[in-house]
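# Sequence first, predicted coordinates after that:
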Amino acid sequence: MENYFIRGERKALALGNRGPIKFRSDGRLSQHICEAYSRYGFYVFQSVLKTDELNELHLDIESMLERAPVAESSELNQFGQKALGVGCKAPTFFWAAPLSDPFGGTPAAGGRHPVKMPEPCPQPHTPEKAIFLVLGSLQFSHACLRTYGHPQLLRVAAAINGEDFTPFNEALFIKKPGIGASVAWHQDGLTHWDSDKLDEGTHGFNFMAQLYGSTARNGVWVVPGTHKLGKINIKNLVEAEGSPYLSSAVPMICAPGDVVMSNRQLVHGSFANTGDSARVTVNFGFHRKSSVLGVKAGGVHNAEAIYDAKRIEDRSRVIMLAIDARRKRFPKEDSFCYEPFVGRKTRDIWSIDSLESLKDYNLLDLSI
């Protein structure tokens, strides 16, 4: 395993798909970034989140986890108070046994994780289960909401998916050392694989902001280029390799504050965190409007539904709230202008009580 991690890191750093966010004089995303993202299916934007923002994310997420249920079946947190997420209709906190693979080889998420990852034996005295995933994270954290409104990242979203881009969903991935669960190899998209209009961007992308950095041992691994190959038989891929340690895969190597843009059609996964460093990823994704409008989808992150114009508009208002929240915290930044809401009178004004209005907002996720 150690040799596999070392080789993977060397290959990842040699790809040439990392650097700061850059735009051309006409406002379009740098050609080098577009070409590298298209070639490999992911790009590491370096030093996007600065010290103040990282510190606020650290504090908010630590507070969130302290106020989370003390155990999977509990409605109380460690302080004996009503826990976050209790009373929500939408899914929020997910738990897994230390170093386990909760999805691999199961029908979860539409059966898109067909092969189980290795499950190392945890050290004695580890908890029976731990939180490894939080969905609907914007309703629990002002700092996460502000990061969602980051103007440079939203400009990238518009460059990749068009000015009328739409949300997908938001999540936190928690990979504590010696505890963090794996996520079996999979592709995210479920809806458009058989479409005659399928291309490399049909199922959108995720931004993956790294609070503590990401290593070969605790980070996400991807098979570069697989976002262009349509639906892949992952079980056959692993059987041909003779192991879940795919030789063609590379890890996302990041420093704190880096943000990865990762195509949802890539074959990707992560191994159980047997290392000594934590990974916390602030995850939020975006789609082309043409990929969701009029489409019947859901079933994984939300109930099946037809995504009509009103559903898309209602869900997209979270972008406007995030932009306003960020404007008030970082007033010297040039705020992003979200084209679908230009000229509209909206009530999407952030205040200290705004999180209450976001309860169960992820029931409207646009999952394809």
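That came through fine.
# Just give the closest residue to the residue nearest the centre of the chain, not the sequence neighbours.
Nearest to the geometric centre of the chain sits Asn283, at 2.8 Å (Cα atoms, centre = their mean). Distances taken as Cβ to Cβ, 6 or more residues apart in numbering put Ala171 closest to Asn283, at 4.5 Å, once the chain neighbours are dropped. In short, each C-beta sits where N, CA and C put it, glycine included.
# and that neighbour, what does it touch?
Leu133, Val134, Leu135, Ser137, Asn283, Phe284 (Cβ atoms under 8 Å, 6 or more residues apart in numbering).
# Got the confidence number for the third one?
This means Leu135. Here the pLDDT value assigned to Leu135 is 97.
# isn't it right next to Cys88, touching?
No. With contact defined as Cβ atoms under 8 Å, Leu135 and Cys88 do not form a contacting pair (9.6 Å).
# List buried members of the contacts of Ala171 by neighbour count.
Leu133, Val134, Leu135, Ser137, Asn283, Phe284 (16 or more other Cβ atoms under 10 Å).
# So what touches the top helix by length along the chain?
If you go by DSSP state H, the chain has its longest helix at helix 309-329. For helix 309-329, contacts defined as Cβ under 8 Å, 6+ apart pick out 138, 142, 145-151, 154, 166-167, 289, 292-293, 305, 333, 335-336, 338, 340-341, 346, 348-350, 354, 358, 361, 364-366.
# and if you look at stretch 60-70?
75-79, 81, 83-86, 93, 131, 134, 137, 140-144, 172, 174, 211, 280, 282.
# all helices for the stretch 101-250 of the chain, in order.
Ranges of helices in the stretch 101-250 of the chain, per DSSP state H, counting those that start in this stretch, are 108-111, 142-148, 151-161, 234-241.
# from the buried ones among the contacts of Ala171, which ones fall inside strands?
Among the buried ones among the contacts of Ala171, the ones falling in strands (DSSP state E) are Leu133, Val134, Leu135, Asn283, Phe284.
# Now the two most distant members of those residues.
Largest separation among those by Cβ to Cβ: Leu133 and Phe284, giving 13.8 Å.
# Just give the number of residues close to Ile306.
By the measure other Cβ atoms under 10 Å, the count of residues near Ile306 is 11.
# Bridged to it, which residues?
Lys296 (DSSP bridges).
# Please name the residues that touch it.
With Cβ under 8 Å, 6+ apart, Ile306 has these contacts: Gly294, Val295, Lys296.
# Work out the gap between the lowest-mean-pLDDT helix or strand in the chain and the centre of the chain.
When each helix and strand of the chain is scored by mean pLDDT, DSSP states H and E, helix 108-111 comes last, with a mean of 84. Put simply, helix 108-111 sits 17 Å off its chain's centre (Cα atoms, centre = their mean, to the nearest Å).
# Restrict it to CA atoms and write it as PDB.
Output of helix 108-111 as PDB, limited to C-alpha atoms (Å, rounded to 0.1, in the frame of the first residue of the first chain):
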ATOM      1  CA  ALA A 108     -26.900   2.100  -1.800                       C
ATOM      2  CA  ALA A 109     -27.000   5.100  -4.100                       C
ATOM      3  CA  GLY A 110     -28.500   3.100  -7.000                       C
ATOM      4  CA  GLY A 111     -25.800   0.400  -6.700                       C
END
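# List of residues touching it?
For helix 108-111, the surrounding residues in contact (Cβ under 8 Å, 6+ apart) are Pro102, Phe103, His186, Leu190, Gly299, Val300.
# buried stuff in that helix?
When burial is assessed from 16+ other Cβ under 10 Å, helix 108-111 yields no buried residues.
# could you give the mean pLDDT of stretch 270-282?
Mean pLDDT, stretch 270-282: 96.
# Can you give me the end-to-end span of it?
16 Å (Cα to Cα, to the nearest Å).
# who's in contact with that stretch?
57, 61, 99-101, 117-120, 137, 144, 147, 172-183, 208-215, 217-221.
# Next, count neighbours for the residue nearest to Arg264 when sequence neighbours are not counted.
Counting by Cβ to Cβ, 6+ apart, Asp188 is the residue found nearest to Arg264 once chain neighbours are left out, at 3.7 Å. Other residues within reach of Asp188, judged by other Cβ under 10 Å, total 23.
# where in this protein is pLDDT low?
Low-confidence segments of the chain (pLDDT under 70): 346-347.
# got the contacts of helix 108-111 as a markdown table, with neighbour count and distance to Asn17 columns?
Shown next, in a markdown table, are the contacts of helix 108-111 (neighbours: other Cβ atoms under 10 Å; distance: Cβ to Cβ, whole Å):
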| residue | neighbour count | distance to Asn17 |
| --- | --- | --- |
| Pro102 | 20 | 30 |
| Phe103 | 23 | 27 |
| His186 | 21 | 21 |
| Leu190 | 19 | 26 |
| Gly299 | 14 | 32 |
| Val300 | 18 | 28 |
